[in-house]
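> predicted model follows, preceded by the sequence.
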Amino acid sequence: MPALPSSVIDPLWDQFKTLLPTINDDHPLGCHRRRVADRVIFDKLVTRLVLGGAYTKHADDRVSATTLRARRDEWIAHGVFARLEQIGLEAFDQLIGLDLTHLSIDGCCVKAPCGGDNTGPNPTDRGKSGQKRSVLVEGHGLPIGVILAGANRHDSPLLRPTLECLSRFGFFLPETMRVDLDSGYDSHVTRDLLDEFGCEWKISPKGTFIEINHTRRWMIERTNSWHTRGFGLLQVVLDRADRVQQAWTCLANAIIVL
């Protein structure tokens, strides 16, 4: 059974293959082992993103774990995953329209048992290695920016780099933007930063319980649920390198946008 239905993975592949670098696989004697088809690698990587697990668990008689890693690194070096995410957002904006007037930001901690970049002791998991994702979503709940950091980082210092993800849209930003935040951001530093960015805000005050369905923050909670429940590699981070972690996040976001 495929990790994603054909109605999702086939259009995703149609766009993905247009971004792949041209490779000359011809040999003058025609006696070398043929390069594994890009579609086979793509399907394997998507399956690993959805199900998680080691590369060896997804290797078979068609492709080895070493080839999966090598092709993954080749595509990362050419910026394929980041470009796929950007194209998906631009296409959604043209067809439906991104709602950049209502933004939400929140952090989400997940396990990272292998350690590596963007990891740290998780204070909510007995100090075990974990990762925090600071996620920015627009009014429909689509992720438009993700910052990775150690699980021991507080949400507030990650607010500036998360808001700077809006630079991906260049000058095409609305004049008025409102950011919805939970009580973890309730401080003068946060308000001064939002004023610097020219954003209005709605911050849940500390010590006060507010039903989440009474705010627009349910959008970010839903997106965090999409990440952790829909993608095994975002629920438990197994890759140690920052560039690889970023690539998986971009691919997951592209699938969500689709």
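Received, thanks.

> any regions of this structure where pLDDT drops low?
Counting by pLDDT under 70, the chain shows low-confidence ranges at 1, 25-32, 209-215.

> can you give me the strands for it?
For the chain, the strands identified by DSSP state E occupy 102-111, 120-121, 129-137, 143-150, 178-181, 200-203, in order along the chain.

> winner for burial among the ones you listed?
With neighbours defined as mean count of other CB atoms under 10 Å, the strands of the chain peak in mean count at strand 129-137, which reaches a mean of 24. In this view, the C-beta of every residue, glycine as well, is placed from N, C-alpha and C.

> let's see that one as PDB, backbone CA atoms only.
Backbone C-alpha positions of strand 129-137 (Å, rounded to 0.1, in the frame of the first residue of the first chain) are rendered in PDB as follows:
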ATOM      1  CA  SER A 129      17.100  14.800  23.300                       C
ATOM      2  CA  GLY A 130      14.400  16.600  21.400                       C
ATOM      3  CA  GLN A 131      13.700  19.300  18.700                       C
ATOM      4  CA  LYS A 132      11.400  22.300  18.700                       C
ATOM      5  CA  ARG A 133       9.700  23.600  15.500                       C
ATOM      6  CA  SER A 134       8.600  27.200  15.600                       C
ATOM      7  CA  VAL A 135       5.800  27.200  13.000                       C
ATOM      8  CA  LEU A 136       4.200  30.200  11.200                       C
ATOM      9  CA  VAL A 137       0.900  29.600   9.400                       C
END
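
> could you pull out the helices in the protein for me?
Per DSSP state H, the chain carries helices over the ranges 6-18, 38-51, 55-58, 65-77, 80-95, 159-163, 188-196, 218-230, 232-235, 242-257.

> want to throw those into JSON lines with distance to residue 103?
Output for the helices of the chain, formatted as JSON lines (distance: least, CB to CB, whole Å):
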{"stretch": "helix 6-18", "distance to residue 103": "26"}
{"stretch": "helix 38-51", "distance to residue 103": "26"}
{"stretch": "helix 55-58", "distance to residue 103": "36"}
{"stretch": "helix 65-77", "distance to residue 103": "28"}
{"stretch": "helix 80-95", "distance to residue 103": "14"}
{"stretch": "helix 159-163", "distance to residue 103": "8"}
{"stretch": "helix 188-196", "distance to residue 103": "10"}
{"stretch": "helix 218-230", "distance to residue 103": "9"}
{"stretch": "helix 232-235", "distance to residue 103": "21"}
{"stretch": "helix 242-257", "distance to residue 103": "15"}
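
> thank you kindly, that will do.
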